[in-house]
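J.: got a structure for you, letters missing:
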């Protein structure tokens, strides 16, 4: 009897991931891409989301993402959403679908180098610092404008900057969050007016997480990164 109880609890837990995922998908407009943020979650949880139709997962540690890539179906798109150390890029270069958190020219150059070794062009998002917290990574807007004009950037043939990513301040103040999302959307629209090149074509604005994705969508997001609302609270 006790074993049946444990199995029932597992069934509830597993089905809740599917249910949560479906609720999120039902709340999203058709033009919004959902990244299921699976960092710290076990493979079985990702497989439950996969079996419910999810194909894009976001991780914040290269080693963890690589291990999951090795174990899970190969039609999954893996997004690196966390801070990346340059010496770890080589591990994800063979398979990563999108690097969302590029916040330095040094990192962009290393991704380009490792992409070339794997005969790939790796799509990237430039992370813009929009939050009040100093702990969050990212370029300021002037840095990005300057970098995109440099010969160094234009020479990077194995990366393609396809958009911007940002994280709002962790606050209950919805007006503050909205203001920050509007700030990055305005900058995104300004950059889109630049001439497209072989390694620059802005299409993705990745803003919005579990707590604020609805505000982000209202303010122009094309991609949301949702973790705890699908998988439950993060495991440590």
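T.: Great, that's in hand. Predicted model only: the values in this text are computed from it and were never measured. Numbering: from 1, shown residues only.

J.: Tell me who's in contact with residue 93.
T.: 111, 114-115, 117-118, 120, 122 (CB atoms under 8 Å, 6 or more residues apart in numbering). The C-beta positions use only the backbone N, C-alpha and C, and glycine is treated the same way.

J.: where does the protein dip in pLDDT?
T.: Residues of the chain meeting the criterion pLDDT under 70: 1-15, 135-136, 234-236.

J.: What are the boundaries of the strands in it?
T.: Taking DSSP state E, the strands of the chain run over residues 33-37, 56-59, 77-80, 98-102, 122-128, 159-166, 200-206, 223-226.

J.: Geometric centre of the protein: which residue is closest?
T.: Geometric centre of the chain, nearest residue: residue 81, 4.1 Å, by CA atoms, centre = their mean.

J.: And it, how far from residue 59?
T.: Separation of residue 81 from residue 59 (CB to CB, to the nearest Å): 7 Å.

J.: Can you pull the residues that touch both of those two?
T.: 37, 39.

J.: Between the strands of the chain, which one is closest to residue 212.
T.: Nearest of the strands of the chain to residue 212, taken as CB to CB: strand 223-226 at 9.1 Å.

J.: Distance from the chain centre to that closest one, please.
T.: Chain-centre distance of strand 223-226: 7 Å, with CA atoms, centre = their mean, to the nearest Å.

J.: in stretch 216-234, what's buried?
T.: 216-217, 219-227, 229-231 (16 or more other CB atoms under 10 Å).

J.: meant to ask about stretch 40-49, not that
T.: Per 16+ other CB under 10 Å, stretch 40-49 contains these buried residues: 40-41, 45-49.

J.: what's the answer for stretch 126-144, then?
T.: 126-131, 136-139, 141, 143-144.

J.: Let's see the distance spanning that stretch from one end to the other.
T.: Criterion CA to CA, to the nearest Å; first-to-last residue distance in stretch 126-144 is 8 Å.

J.: And stretch 192-210, by the same measure?
T.: Span of stretch 192-210 from end to end, CA to CA: 27 Å.

J.: give me every residue that touches residue 222.
T.: 31-33, 163, 203-206.

J.: Where neighbours are concerned, which of these has the most?
T.: Using other CB atoms under 10 Å as the neighbour test, those are led by residue 206, with 28 neighbours.

J.: so that residue touches residue 223, yeah?
T.: Yes. Counting by CB atoms under 8 Å, residue 206 does reach residue 223; the two are 4.2 Å apart.

J.: Give me the common contacts of the two.
T.: 35, 163.

J.: For residue 22, which non-adjacent residue is spatially closest?
T.: Leaving aside its chain neighbours, residue 22 sits nearest to residue 52 (6.9 Å; criterion: CB to CB, 6 or more residues apart in numbering).

J.: Contact partners for residue 208?
T.: Taking CB under 8 Å, 6+ apart as the test, what residue 208 contacts is 181, 214-217, 221, 223-225.

J.: Then residue 223?
T.: Going by CB under 8 Å, 6+ apart, the list of residues near residue 223 reads 32-35, 163, 204-208.

J.: And residue 144, by the same measure?
T.: Contacts of residue 144 (CB under 8 Å, 6+ apart): 126, 128, 187, 191.

J.: In contact with the first one: list those residues for me.
T.: Counting by CB under 8 Å, 6+ apart, residue 126 makes contact with 102-103, 139, 144, 161, 163-165.
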